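In: heads up, no residue letters with this:
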């Protein structure tokens, strides 16, 4: 037998003739279209899952719980089902905020399918990450869109709304909650609070990185299995890594008690 090339050993297809720029653009456009279709399909699916959950659809079908219903009817896990609920919750809040920010006189659309049909170009990961703070996201979107509308300096076309929504989700996702508004009168206490605030901000950033590895739809037990090796490699106790992850999801510093703070 002849020698295998390095590409063959690693299962890589043999080199093909170079693509033309026109063909490369065509393939890229096809990939972008397919990705957009997947995102829209997942959003619609998530909205229908949320509607079914709100209606407690498992009861008439003689299932004992939402979890058993999802497993029996669709073969999906509890984590997958609740991940879809998180996506739907975020999308519905965003859709309501967009409706309020662009036309305050228009009532908010309560139909989750209508919310899911709009494509803001957000990934599932981003939507899941802000699901526990969807109210903050909605408030920020409404305020920013209303400011733009009142200023008259920029048309609220689809591209502008999309950009505002994406930036608001990014801001809420990456920024920890603000510290208390009233600083302590005692300078020593004020200095200590600044140290604690800095530590909390750093921990929030670590938590965001932990969510990249162990997404929000995983339970603490499932996340521990995923993060154990990572925490060992970076010299961080697993309990601290899990606490940072909970803080990034909730924005509540109580998640850090007994660990980092």
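Out: Done, it's in. Note that the coordinates shown come from a computational prediction; the quantities given were computed from them, not determined experimentally.
In: Next up, the contacts around residue 125.
Out: 211, 212, 215 (Cβ atoms under 8 Å, 6 or more residues apart in numbering). All C-beta spots, glycine's among them, are computed from the backbone N, C-alpha and C.
In: Among those residues, name the buried ones.
Out: Among the contacts of residue 125, those buried by neighbour count (16 or more other Cβ atoms under 10 Å) are 211, 215.
In: Closest one to residue 85 out of the contacts of residue 125, please.
Out: Closest to residue 85 out of these is residue 215 (13.9 Å), distances taken as Cβ to Cβ.
In: For residue 97, grab phi and psi.
Out: phi -70, psi -40 (degrees, to the nearest 10).
In: Could you verify my assumption that it touches residue 144?
Out: No: Residue 97 is beyond contact range of residue 144, at 9.3 Å (criterion: Cβ atoms under 8 Å).
In: Who has more neighbours out of those two?
Out: Neighbours per residue (other Cβ atoms under 10 Å) separate residue 97 from residue 144, with residue 97 holding more: 26 against 19.
In: Averaged pLDDT, the longest helix seen in the chain. What do you get?
Out: As assigned by DSSP state H, the longest helix anywhere in the chain is helix 21-54. Mean pLDDT, helix 21-54: 83.
In: Stretch 130-144 now?
Out: Stretch 130-144 comes out with an average pLDDT of 87.
In: For the stretch 151-261 of the chain, which residues score under the pLDDT cut-off?
Out: 153-155, 175-183, 216-217, 261 (pLDDT under 70).
In: can you give me the strands for the stretch 101-250 of the chain?
Out: Using DSSP state E, counting those that start in this stretch, no strands are assigned anywhere in the stretch 101-250 of the chain.
In: so where do the helices sit in it?
Out: With helices called from DSSP state H, counting those that start in this stretch, the stretch 101-250 of the chain shows them at 112-117, 124-129, 134-151, 158-174, 187-213, 220-234, 238-250.
In: Could you dump those helices into TSV and include distance to residue 70?
Out: Below are these laid out as TSV (distance: least, Cβ to Cβ, whole Å):
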stretch	distance to residue 70
helix 112-117	17
helix 124-129	17
helix 134-151	22
helix 158-174	27
helix 187-213	23
helix 220-234	16
helix 238-250	22
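In: nearest to residue 82, of those helices?
Out: It's helix 124-129; of the helices of the stretch 101-250 of the chain, that one is closest to residue 82 (Cβ to Cβ) at 9.5 Å.
In: buried ones in the closest one?
Out: Buried residues in helix 124-129 (16+ other Cβ under 10 Å): 124, 126, 127, 128, 129.
In: same check, this time on stretch 69-83
Out: Those would be 69, 70, 71, 81, 82, 83, for stretch 69-83 by 16+ other Cβ under 10 Å.
In: and which of the contacts of residue 125 is nearest residue 75?
Out: residue 215 (20.3 Å).
In: The closest one contacts residue 128, correct?
Out: Yes: counting by Cβ under 8 Å, residue 215 sits close enough to residue 128 to count as a contact (6.2 Å).
In: Common neighbours of those two, please.
Out: Once Cβ under 8 Å, 6+ apart is applied, the residues that residue 215 and residue 128 both contact turn out to be residue 83.
In: Quick check: which element contains residue 62?
Out: For residue 62, there is no helix or strand it lies in under DSSP states H and E.
In: Check residue 60 and give its pLDDT.
Out: Confidence for residue 60, expressed as pLDDT, is 95.
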